[in-house]
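Undergrad: Predicted model and sequence follow; I will ask about them next.
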Amino acid sequence: MSATRRRGLPEGVQERHQKHCAGSNGKRCNCKRSYRASLYDRRTKRNQYSGWDPDLGLGTKWRTQARRELDAHLRAGTDPATQSALLRDAWAEWLTGAKSGAIPNRNGDRYKPSALQGYERAWRNHTEPAFGHRRVGEVTRHDLQRWVDDRAREGMPRSTVNNALDPLRVLFRRARRRSVIETNPTADLELPGKVRAEPRFAEPEEAAALVAALPEAERALWATAFYAGLRRGELRSIRWKHIDLEDRMVVVLRAWADDEEAGPKSRAGRRRVRIVPQLAALLDAHKATTGRAGDDLVFGRTADKPFEPSTVRARALRAWKDANATQAKRLGRDLKPGEALAPIALHQCRHTAASLMIAAGCNAKALSSVMGHASITITFDLYGHLMKGAETDVGDLLAKHLAAHGNDMGMATT
């Protein structure tokens with residue numbers, strides 16, 4: 001079979017004859033011809049081709065549509081060749097660049113290992129099965145919204161859906177900036193309704209009882225979470241050189257996530273936190289017991305290996321369960337609600353620290369700095385309801401303030 005460009009055919013269209021065709025001997029064609037169209041791509045400097053088909057009209061239609069798409073790409077500066085890449089291949093390329101530091105995050109910094117590990121989990125568990133086989137230029141906002149809606153109907157939590165989209169966000173954001181695509185399909189997606197569980201706060205007496213029920217070797221760790229508000233990763237990373245017991249100050253510079261130690265979640269995470277005397281006493285005793293100092297980890301399972309959160313949690317749960325059993329045995333009855341020690345997690349201890357600081361009169365700006373929040377908005381979202389001056393109190397507070405300054409708004413009676 002041979003393909004030729006015959007006079008009279010539409011521009012860019014070739015015809016192909018079958019082997020037995022008499023036309024190959026200069027006679028009249030007696031075979032069923034097929035046609036294909038081609039279009040020269042000025043960007044790739046190669047021809048694009050349609051498939052062979054006996055319908056001449058299909059080839060011409062393909063060429064017309066292909067020219068329109070190519071012209072649109074040229075006007076927008078997008079790259080059709082890159083658009084045709086599979087998402088799984090684009091992901092592998094992105095991940096390699098992000099791990100090497102060649103592709104920075106939105107702040108221009110190198111991606112933290114913990115962030116990349118989270119992206120990899122999301123890609124492996126959610127994104128790759130749904131979209132890995134799709135081409136970069138094929139995925140639309142409608143496709144992603146439908147996927148989000150399906151996950152919401154299945155009961156997937158909002159946070160999981162949001163995390164599952166992260167690999168696509170970084171891929172399409174970079175593709176848009178490099179003019180591979182015209183619009184980012186991950187923009188303006190409607191996520192499932194946000195349902196936030198109420199944070200667990202321990203009252204001052206409850207916090208003290210929870211710490212006291214722990215083995216002595218565990219008390220300083222939980223007390224630091226309760227009264228300094230450090231994150232779990234920061235507790236894992238803190239070293240004795242970061243703690244000044246004389247000036248009662250701890251300097252937070254690093255955090256441990258999974259198997260990697262890196263900077264904290266944001267620049268605001270690097271901070272100085274004042275240590276209350278009660279906590280300083282526990283830390284002093286802990287230092288004497290462990291014999292560690294300098295670059296040694298304060299709460300590590302060894303001087304250079306961080307504690308395992310699951311192990312710490314299990315020991316605490318066992319201690320609180322034993323304390324409740326001892327109390328029930330002493331009273332000779334089952335404990336009533338409010339009498340038993342309610343388990344708490346290290347991160348919930350951080351919430352307790354914030355609530356105690358608010359109750360002590362700490363203002364929102366200072367609290368945001370102490371907690372290492374990237375924005376005061378985060379502080380208000382998490383703890384605004386605990387602060388004095390809630391919406392229902394504003395009127396009463398203003399009235400009392402005006403009365404205290406003798407401002408009766410002209411309503412004084414004679």
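TA: Yes, it's here.
Undergrad: contacts, neighbours, all on C-alpha from now
TA: Will do.
Undergrad: For Ala90, list the residues it contacts.
TA: By Cα atoms under 8 Å, 6 or more residues apart in numbering, Ala90 lies in contact with 136, 171.
Undergrad: mind redoing it with 7 Å?
TA: Applying Cα atoms under 7 Å, 6 or more residues apart in numbering to Ala90 gives no contacts.
Undergrad: Next one: it from Arg174, what distance?
TA: Computed as Cα to Cα, to the nearest Å, the Ala90 to Arg174 distance reads 11 Å.
Undergrad: Low-confidence stretches in the chain?
TA: 1-7, 42-45, 69-84, 194-198, 258-260, 262-266, 385, 388-399, 401-402, 405-414 (pLDDT under 70).
Undergrad: which one's the longest helix in it?
TA: The residue-count maximum for a helix in the chain (DSSP state H) belongs to helix 309-331.
Undergrad: Show me the residue at the heart of the chain, geometrically.
TA: By Cα atoms, centre = their mean, the chain has its centre lying nearest to Asn163, at 5.4 Å.
Undergrad: Skipping adjacent residues, who's closest to that one in space?
TA: In this structure, Asn163 finds its nearest non-sequential neighbour in Ala122, 6.4 Å apart by Cα to Cα, 6 or more residues apart in numbering.
Undergrad: what's the neighbour count on that neighbour?
TA: Using other Cα atoms under 10 Å, Ala122 has 21 other residues around it.
Undergrad: That one: helix or strand, and which one exactly?
TA: Ala122 belongs to helix 113-122 when assigned by DSSP states H and E.
Undergrad: Distance from the chain centre to that helix, please.
TA: Distance of helix 113-122 from the chain centroid (Cα atoms, centre = their mean, to the nearest Å) equals 9 Å.
Undergrad: Relative to the whole chain's centre, how far out is the next helix or strand after that helix?
TA: Using DSSP H and E, the helix or strand that follows helix 113-122 in sequence is helix 128-131. Centroid separation for helix 128-131 versus its chain: 18 Å, with Cα atoms, centre = their mean.
Undergrad: Then stretch 143-159?
TA: With Cα atoms, centre = their mean, you get 17 Å for stretch 143-159.
Undergrad: CA atoms only for it - export them in PDB, please.
TA: Extracted in PDB, the C-alpha atoms of stretch 143-159 (Å, rounded to 0.1, in the frame of the first residue of the first chain):
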ATOM      1  CA  ASP A 143     -14.200  16.200  36.300                       C
ATOM      2  CA  LEU A 144     -12.600  17.200  39.600                       C
ATOM      3  CA  GLN A 145     -15.900  18.600  41.100                       C
ATOM      4  CA  ARG A 146     -17.700  15.300  40.200                       C
ATOM      5  CA  TRP A 147     -14.900  13.400  41.900                       C
ATOM      6  CA  VAL A 148     -15.200  15.600  45.000                       C
ATOM      7  CA  ASP A 149     -19.000  15.200  45.100                       C
ATOM      8  CA  ASP A 150     -18.700  11.400  44.800                       C
ATOM      9  CA  ARG A 151     -16.300  11.300  47.700                       C
ATOM     10  CA  ALA A 152     -18.600  13.500  49.800                       C
ATOM     11  CA  ARG A 153     -21.500  11.200  49.200                       C
ATOM     12  CA  GLU A 154     -19.300   8.200  50.300                       C
ATOM     13  CA  GLY A 155     -18.700  10.100  53.600                       C
ATOM     14  CA  MET A 156     -15.000  10.900  53.000                       C
ATOM     15  CA  PRO A 157     -14.100  13.700  55.500                       C
ATOM     16  CA  ARG A 158     -13.500  17.200  54.100                       C
ATOM     17  CA  SER A 159      -9.800  17.100  55.200                       C
END
